[in-house]
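[1] Structure of the sequence below:
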Amino acid sequence: MAVLSLTNAHLAFGHVALLDGANFALETGERVGLIGRNGTGKSSLLKILAGLEKLDDGLLQQQQGLTNVYVPQEPELRADATIFESVSEGVAEAKALRERYERHDENDDLAWVQERIEHIGAWNWEQRVDETLHRLGLDGSRLVGSLSGGLKKRVALGRALVAQPDVLLLDEPTNHLDLDAITWLEGLLNDFKGSLLLITHDRAFLDNVANRIVELDRGQLRGYPGNFAAFQAAKAYELENEALANARFDKLLAQEEVWIRKGVEARRTRSVARVQRLQEMRLQHAARRDVQGKVRLDIDTGSASGKIVAELEDVSKSYGERAIVRGFTSTILRGDKVGLIGPNGAGKTTLLKMILGELPPDSGTVRLGSRLTVAYFDQMRDTLNLDATLADTISPGSEWIEIGTQKKHVKSYLGDFLFSPARANSPVRTLSGGERNRLLLARLFARPANVLVLDEPTNDLDIETLELLEELLADYDGTVFLVSHDRRFLDNVVTSTIVYEGDARWREYEGSVQDWLTQSRRAVALQAKAAPAAAPTPPPAPEPAPVVATKRKLSYKEQRELDEIPKQIAALEAEQTQLNALIAGSELYTQGAKRIAEVTDRAADIDAELLALMERWEVLESR
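    Below is the predicted model of the structure:
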């Protein structure tokens with residue numbers, strides 16, 4: 001049953017129709033991911049559903065008595081309030097009702113007040129706030145003004161959750177959150193009993209939270225059952241069919257246009273119905289909203305650096321009594337794509353500055369390679385002059401820009417990043433957050449560099465631009481340092497990860513984030529299995545004698561198990577290949593939501609089974 005719905009919704013800013021007769025329904029208990037290009041109107045739609053903005057035309061309906069809470073990208077919190085006070089704003093009605101009851105005002109209908117208090121559970125609102133703070137790991141006595149962006153986002157979520165809404169509306173909830181916090185949020189939202197509608201470009205987050213994807217595309221809202229992986233396959237099939245249908249239509253239209261322009265003889269006998277059909281086709285073609293162009297990314301790598309970019313030997317760094325890095329050793333080579341992973345405030349930026357020679361270590365040595373040219377993508381966009389035009393930001397004082405050996409007009413170059421020529425002379429302050437990120441990328445890629453430092457480049461970028469950026473970085477010949485909490489983006493780009501492991505210790509792992517998680521989980525599992533065996537203290541031997549340590553011989557059953565494991569792994573990998581092909585194809589998405597769920601769930605189960613078999617293999621071989 002739908003808790004809220006939109007029917008024939010229209011919304012436009014200027015001549016751009018953000019909603020063009022769109023329809024949408026949010027069902028009870030659904031967790032819907034809302035996706036789409038930057039600037040298509042996702043945030044506006046969320047505000048309309050929250051009652052903060054109005055439609056130009058159309059109908060918004062919701063269940064009677066429905067409560068919904070909206071959490072924006074940048075939550076507004078009073079800096080001088082404590083966390084407890086800020087979260088308590090979510091139970092403002094409960095507080096006010098209890099105060100009215102305790103005042104015993106003669107003019108009040110105390111019977112109604114008491115009934116309302118009991119209905120919304122207002123007697124124990126303090127306990128609800130305390131339980132929510134404990135669940136979110138927040139100290140209620142801290143001032144909001146002293147918090148990081150990630151903690152402020154937690155406070156805003158706490159304020160929303162304590163209200164116990166029927167519908168939760170979240171705009172980019174993973175922004176400012178580190179990997180651990182994002183994993184925590186996934187669990188929190190999966191446990192949420194109400195309906196959820198969220199905007200995010202974090203594909204792994206969508207895979208783990210959403211059970212339906214809704215895309216806002218050219219003014220229409222289209223729903224797809226399943227998570228983001230299921231949506232990708234279905235969307236590819238849909239776009240392929242749309243392109244074929246458009247091509248057939250355009251071919252027929254071209255033929256009819258040739259026919260209508262034939263000579264006098266043809267005009268005398270032409271069909272009136274055929275002329276009317278041609279006029280209708282012209283109108284259809286004019287009204288058609290084609291898929292928006294893709295960002296075209298290119299980069300000037302400049303001259304190559306030396307083979308070694310940086311060599312660190314036992315480096316340490318502290319600020320006062322707080323240690324940031326202890327005994328870190330690493331060698332970064334030309335062409336490495338390195339991801340830095342750690343909680344907010346762990347010291348990723350400090351470590352990065354030491355790697356690049358911008359900050360000397362307290363102890364240890366750092367040796368830099370030769371011919372390094374470094375370009376930075378700034379997380380907070382502080383380097384953008386808001387009063388400068390887009391053209392001056394890319395190429396100050398010139399209409400032309402050189403990318404390697406290629407010379408381009410600045411308007412053409414901005415067009416590659418989906419900025420129309422008319423906007424080239426607009427000030428930067430008119431851009432949205434996602435557009436400013438695109439502008440930063442455009443400026444970054446216009447400068448020759450053999451080392452790229454990307455600090456949270458994925459914030460506010462739409463999914464399609466993220467995928468194109470992944471392709472560019474994968475093909476980039478230089479060295480990349482990437483700070484991001486987007487797991488899918490890291491997995492698709494990095495060749496190694498430097499991970500914070502607590503107590504100012506950092507460790508480098510080969511491979512992607514998934515490789516690091518697999519290795520660390522395996523190490524924890526092996527330690528846990530080994531711990532019980534080491535716990536009991538054996539009694540002293542009556543006659544001390546030298547004991548030669550030998551491996552325990554495997555039992556017949558264990559030896560058979562060891563022999564079978566490679567076959568089991570091969571069978572699972574073959575099944576995994578078949579399922580991946582099925583998910584990537586189009587046939588699956590004609591078989592209904594239940595079949596899609598079965599296939600995607602089985603694909604996830606295979607990963608867990610493979611990990612368990614690999615761990616068991618190691619244990620048996622170690623004996």
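[2] Could you use CA atoms for every contact and neighbour count after this?
    Will do.
[3] any idea where the helices of the stretch 501-623 of the chain begin and end?
    Assigned by DSSP state H, counting those that start in this stretch, the helices in the stretch 501-623 of the chain fall at 513-534, 556-584, 593-622.
[4] Of those, which is nearest Gly29?
    Closest approach to Gly29 among the helices of the stretch 501-623 of the chain (C-alpha to C-alpha): helix 593-622, 16.2 Å.
[5] related to what we said a few turns ago, any chance of JSON lines for the helices of the stretch 501-623 of the chain, columns mean neighbour count, distance to Thr430 and mean pLDDT?
    As requested, the helices of the stretch 501-623 of the chain are exported to JSON lines (neighbours: other C-alpha atoms under 10 Å; distance: least, C-alpha to C-alpha, whole Å; pLDDT from 0 to 100):
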{"stretch": "helix 513-534", "mean neighbour count": "13", "distance to Thr430": "36", "mean pLDDT": "71"}
{"stretch": "helix 556-584", "mean neighbour count": "14", "distance to Thr430": "39", "mean pLDDT": "77"}
{"stretch": "helix 593-622", "mean neighbour count": "14", "distance to Thr430": "42", "mean pLDDT": "75"}
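[6] a markdown table for those helices, including distance to Glu74?
    Listed next are the helices of the stretch 501-623 of the chain as a markdown table, based on distance: least, C-alpha to C-alpha, whole Å:
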| stretch | distance to Glu74 |
| --- | --- |
| helix 513-534 | 28 |
| helix 556-584 | 36 |
| helix 593-622 | 33 |
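[7] Out of the ones you listed, which gets nearest to His104?
    Nearest of the helices of the stretch 501-623 of the chain (C-alpha to C-alpha): helix 593-622, 55.5 Å.
[8] what angle do the closest one and helix 556-584 make?
    150 degrees (axes from the mean of the first three to the mean of the last three C-alpha atoms, to 10 degrees).
[9] which element is Ala442 on?
    helix 433-445 (DSSP states H and E).
[10] Now Pro421: closest residue in space that isn't a chain neighbour?
    In space, Pro421 comes closest to Lys411 once its chain neighbours are excluded; the distance is 5.4 Å by C-alpha to C-alpha, 6 or more residues apart in numbering.
[11] count of neighbours near that neighbour?
    Summarising burial for Lys411: neighbours were counted as other C-alpha atoms under 10 Å, giving 21.
[12] Could you check how far it is from Asp387?
    18 Å (C-alpha to C-alpha, to the nearest Å).
[13] Would you mind writing the CA trace of stretch 222-231 as PDB?
    Taking Å, rounded to 0.1, in the frame of the first residue of the first chain, the C-alpha atoms of stretch 222-231 are listed here in PDB:
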ATOM      1  CA  ARG A 222      11.100   5.100 -13.800                       C
ATOM      2  CA  GLY A 223      11.200   2.300 -11.200                       C
ATOM      3  CA  TYR A 224      13.300  -0.800 -11.300                       C
ATOM      4  CA  PRO A 225      13.000  -3.700  -8.800                       C
ATOM      5  CA  GLY A 226      16.100  -4.800  -6.900                       C
ATOM      6  CA  ASN A 227      19.300  -3.000  -6.000                       C
ATOM      7  CA  PHE A 228      21.700  -0.900  -8.100                       C
ATOM      8  CA  ALA A 229      23.400  -3.900  -9.800                       C
ATOM      9  CA  ALA A 230      20.000  -5.100 -11.100                       C
ATOM     10  CA  PHE A 231      19.100  -1.500 -12.200                       C
END
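[14] Show residues contacting that stretch.
    Outside stretch 222-231, the residues within contact range by C-alpha atoms under 8 Å, 6 or more residues apart in numbering are 203, 206-216, 234, 583, 589, 593, 596-597, 600.
[15] Just the endpoints, please. Distance across stretch 67-85?
    21 Å.
[16] how much space is there between the most centrally placed residue in the chain and Ala163?
    Nearest to the geometric centre of the chain sits Asp202, at 1.4 Å (C-alpha atoms, centre = their mean). From Asp202 across to Ala163, the span is 26 Å (C-alpha to C-alpha).
[17] How about Lys567?
    53 Å.
[18] before we move on, back to that, from the contacts of stretch 222-231, which would you call buried?
    203, 206-207, 209-216, 234, 583, 589, 593, 596-597, 600 (16 or more other C-alpha atoms under 10 Å).
[19] Skip the chain neighbours and tell me the closest residue to Gly434.
    Gly434's closest residue in space is Asp460 (C-alpha to C-alpha, 6+ apart), at 4.3 Å.
[20] Return the helix or strand in this protein with minimum mean pLDDT.
    Least confident helix or strand, the chain: helix 264-269 with a mean of 47, by mean pLDDT, DSSP states H and E.
[21] Ala204: what's it in contact with?
    Ala204 neighbours (C-alpha under 8 Å, 6+ apart): Asp486, Arg487, Arg488.
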